[in-house]
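Peer 1: Let's see this in three dimensions:
(chains A and B)
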2 protein chains.
Amino acid sequence: MHASELVEEYPLVGIDTDALEATQTMAKLRLPGLVVTEGEGRPYAVLPASQVVKFVVPQYIQADPSLAAVIDEPAADRIAAQLAGKKVRDLLPTHPAELPTVAADDTVLELAAVMARMRSPLVAVVSDDRIIGVVTASRLLSLISAS
Amino acid sequence: MHASELVEEYPLVGIDTDALEATQTMAKLRLPGLVVTEGEGRPYAVLPASQVVKFVVPQYIQADPSLAAVIDEPAADRIAAQLAGKKVRDLLPTHPAELPTVAADDTVLELAAVMARMRSPLVAVVSDDRIIGVVTASRLLSLISAS
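Peer 2: So this is what the prediction gives:
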């Protein structure tokens, strides 16, 4: 079985996608992260949901979470406002998590090896320098543990 | 709003849960990881799906994924066999990822601050030293990005 036969539907966002839109996609589908592409679908990076949380929570509160206890709840609105007008590229850290890739005709075991080595929750399957789909660790485990 | 109002249903496994059973739970629910407890539901660690993949892929293939290309496909069966008779504690790395926790009456902003600081995809909500639920980063984002 080849990697291309394993791919599942998974939303891709571009580095210039609207940040709020990308966040809503991640939230609605309850995804732990998004795959970010550049140009014509070239693999670029992974944007973990926790990174978006990191982006919207003010720095001084991250440094001392106990401060959050004394802030009025409407702060949540101000937090959401931080995403307005931003793009996905603004949310990514300076050194974003590398997106592991395999070729469409690589075997499932090769894909598993890449995922294991990079401790990645997902691997992008690439053909002609474009992402044709994504395989998550849980998808791979369903294949292994069902047999 | 308090952390306890945000918790979602999320499967917990004990450190002595059967490894194959835990893997199947993760696979069936397409979860990126499981929350591991010890004793009477005390928070212990996070078991990422990628860690299970790391456990089942032979070391020499992780070191050189290109070797995987020359291995017969039935290897997948031998891989699944590695989970047989094992427990969740066997799958965890020597230094498992810390499970961030907040108290049931902590605010949502405190929870977000802890998640951001630890770059964690989830936070366990604890009361009387027992996990009463879990909040994922995507759940938190759905709260923020919907407003």
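Peer 1: what's the neighbour count on residue A:40?
Peer 2: 9 (other C-beta atoms under 10 Å in any protein chain shown). Placement of C-beta: from N, CA and C, glycine included.
Peer 1: Excluding chain neighbours, give the residue nearest to it in space.
Peer 2: Nearest residue to residue A:40, sequence neighbours excluded (C-beta to C-beta, 6 or more residues apart in numbering or on different chains): residue A:130, at 6.4 Å.
Peer 1: Kindly report the same for residue A:139.
Peer 2: Closest residue in space to residue A:139, ignoring its immediate chain neighbours: residue A:8 at 5.6 Å, by C-beta to C-beta, 6+ apart.
Peer 1: surely the residue nearest to residue A:40 meets residue A:44?
Peer 2: No - in this structure, residue A:130 is not within contact of residue A:44 by C-beta atoms under 8 Å, at 11.8 Å.
Peer 1: ok so, going back, got the contact list for the residue nearest to residue A:40?
Peer 2: A:40, A:41, A:42 (C-beta atoms under 8 Å, 6 or more residues apart in numbering or on different chains).
Peer 1: distance of it from residue A:85?
Peer 2: Distance of residue A:130 to residue A:85, computed by C-beta to C-beta, to the nearest Å: 29 Å.
Peer 1: quick one: the strands in chain A?
Peer 2: A:12-14, A:33-38, A:42-48, A:101-103, A:122-127, A:130-136 (DSSP state E).
Peer 1: Show me the contact partners of stretch A:93-105.
Peer 2: Residues contacting stretch A:93-105 (C-beta under 8 Å, 6+ apart): A:2-4, A:35-36, A:43-48, A:51, A:110-111, A:114-115, A:118, A:120, A:122-127, A:131-132.
Peer 1: again, but for stretch A:12-23
Peer 2: A:25, A:34-38, A:41, A:44, A:47, A:52, A:80, A:83-84, A:86-92, A:131, B:141, B:144-145.
Peer 1: Lowest mean pLDDT among the helices and strands, pick that one out for chain A.
Peer 2: helix A:75-81 (a mean of 68; mean pLDDT, DSSP states H and E).
Peer 1: Cool, thanks, talk later.
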